[in-house]
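K.L.:
next come a sequence and a model predicted from it.
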Amino acid sequence: MARFFKPQKRKVTDTKHKEIAISRLDHLGAGIGHINKKPVFVDGLLPGEKALVQLTEDKKQYARAKVIKRLADSQARIKPHCPIYDQCGGCNLQHLSHSGQVEAKQQSLGELMSKFAATESQQVFTQSAPIVDRELHYRRCSRFSIKPGAGKLQFGFRKKQSKEIVDVEHCPVLAQSLNELLPPLRSLLSQLKGQKHLGHVELVEADNGRVVLIRHLQPFNDKDMTLLRQFAEQHDVILYLAPTSDSIDRISGQAPYYELDGLKLYFSPKDFIQVNREVNKQMVQQAVDWLGVEPEDRVLDLFCGLGNFSLPLAKRANALVGVEGVDEMVHRATENAQINQQDNASFYQANLEQDVTAMPWAQEHFNKILLDPARAGAAGVMQHVVNLNPERVVYVSCNPATLARDSQVLLTQGYQLERLGMLDMFPHTGHLESMALFTKNSLGTKK
């Protein structure tokens, strides 16, 4: 029987203004209310608030909306610190007090893990006090977008849900030393003849100086190079130029590093480092404490990066093996171990989304494992973690949804969630960093 194509009618989103009452925040900081019993996510609203909204997306299970007018404000609402908060896409929670943010994130994390990471035999886990530090001037690294124009050079961050740039003169969450660099840096970029070939600028506050990386699509002429070198000398910055997305050249200054647990960790401006120096220090210490590393332990650090967790763990363990997917980071971690005389630390490259059980490092016994994956989580490696049969596993996560998903593998195969903690790595944003401790169930692995 012939079947003919019958196009389905495209559903038209109802754009009529509707009233909504917000009951709670999701784990990204959006307000959640209900219209016709369907959950609706609305950025910029707080629990207890009422508003007129307009739907921007209407799915079968949920909808999203934008605020047309607030009708009733929460007592927790405050005036944002930043004068361009309503435009900038960097922060999305400055309208909520910092203590309110911490409380909301702590609650959201606990509810998510209780809902998605629980099993029938799961004991009630302890939710530790959140790791919190200062709410302003905490960012030690940031990327600025650039757009040359006929008039003033645009220099700042992307607008919310847009590729347009909002000019930034001062950022309340950026480190003070980097804020001080913004006016002279903008002046420098505006003077360059090759400004139309500029891509972006990255700023980092290292412990041995301020780092400036300039991405450029065409080589600078001699006059521009002279201006760049003069700027670096005058402002005592470590200057890098990036002629391609994969290569960088250091023009002035020494290689940057940051200090952690009595160690010096060197990095390239291309490398990932945690943006919040003080929370990172507390986070690493908590991971060390939760793993309970002893001198006889063999520890495995998956997604090890440049050694942020690896080297502090190696100081206390018999042996440390770090594994990372990016070969360049493996070299960086190895160099950092050598510089800090950590002879018991070794590092390997591997695709952790594939079966790695045949790798030499996987043949060794590890009684404690730490993993710190990217937002996508560690689904491909969780079964291998179980197969290695460690006593303790600490999972550091920047995405509670993938943490909850990956936890199921451990919880259904003989592990229990013992501790859960929120890390206030990104104040005034919806980003939620967390840490979970899993311990081997005394009953053994389930079949």
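P.N.:
In hand now; what should we look at? Residues are numbered from 1 along each chain as shown.
K.L.:
break down the stretch 51-200 of the chain into its strands, ranges please.
P.N.:
63-72, 126-127, 141-147, 154-158, 165-167, 198-206 (DSSP state E, counting those that start in this stretch).
K.L.:
using TSV, lay out these together with mean pLDDT, mean neighbour count and distance to residue 243.
P.N.:
Quick note: C-beta positions are derived from backbone N, CA and C, even for glycine. What follows is the strands of the stretch 51-200 of the chain, written out as TSV (pLDDT from 0 to 100; neighbours: other CB atoms under 10 Å; distance: least, CB to CB, whole Å):
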stretch	mean pLDDT	mean neighbour count	distance to residue 243
strand 63-72	94	16	40
strand 126-127	89	14	48
strand 141-147	95	19	16
strand 154-158	93	20	20
strand 165-167	93	18	22
strand 198-206	96	20	10
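K.L.:
now render the ones you listed as a markdown table, adding distance to residue 227.
P.N.:
Shown next, in a markdown table, are the strands of the stretch 51-200 of the chain (distance: least, CB to CB, whole Å):
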| stretch | distance to residue 227 |
| --- | --- |
| strand 63-72 | 44 |
| strand 126-127 | 53 |
| strand 141-147 | 16 |
| strand 154-158 | 16 |
| strand 165-167 | 22 |
| strand 198-206 | 13 |
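K.L.:
wait, which of those is closest to residue 42?
P.N.:
Smallest distance to residue 42 across the strands of the stretch 51-200 of the chain (CB to CB): 4.9 Å, for strand 63-72.
K.L.:
gap between the closest one and the chain center?
P.N.:
28 Å (CA atoms, centre = their mean, to the nearest Å).
K.L.:
what sits against residue 438?
P.N.:
392-395, 407, 410-411, 415-418 (CB atoms under 8 Å, 6 or more residues apart in numbering).
K.L.:
give the burial count for the nearest residue to residue 34 once chain neighbours are set aside, as a bare number.
P.N.:
Among residues not flanking residue 34 along the chain, residue 40 sits closest, at 6.5 Å (CB to CB, 6 or more residues apart in numbering). Using other CB atoms under 10 Å, residue 40 has 23 other residues around it.
K.L.:
point out where the stretch 51-200 of the chain drops to low pLDDT.
P.N.:
117-124, 150-151 (pLDDT under 70).
K.L.:
try it again at 50.
P.N.:
The model of the stretch 51-200 of the chain has pLDDT under 50 over residues 120-121.
K.L.:
would you say residue 286 is within a helix?
P.N.:
Yes. Per DSSP: H, G, I helix; E, B strand; the rest coil, residue 286 lies within a helix segment.
K.L.:
now, of the contacts of residue 438, which are buried?
P.N.:
Buried positions within the contacts of residue 438, assessed by neighbour count (16 or more other CB atoms under 10 Å), are 392-395, 407, 410-411, 415-417.
K.L.:
in helices, which of these appear?
P.N.:
Secondary structure from DSSP state H places 407, 410-411 of those in helices.
K.L.:
ok, the residues you listed vs residue 384, which is closest?
P.N.:
residue 410 (11.8 Å).
K.L.:
what pLDDT does that closest one get?
P.N.:
pLDDT, residue 410: 95.
K.L.:
can you tell me the closest non-neighbouring residue to it?
P.N.:
Residue 410 sits nearest to residue 438 (CB to CB, 6+ apart), 4.9 Å away.
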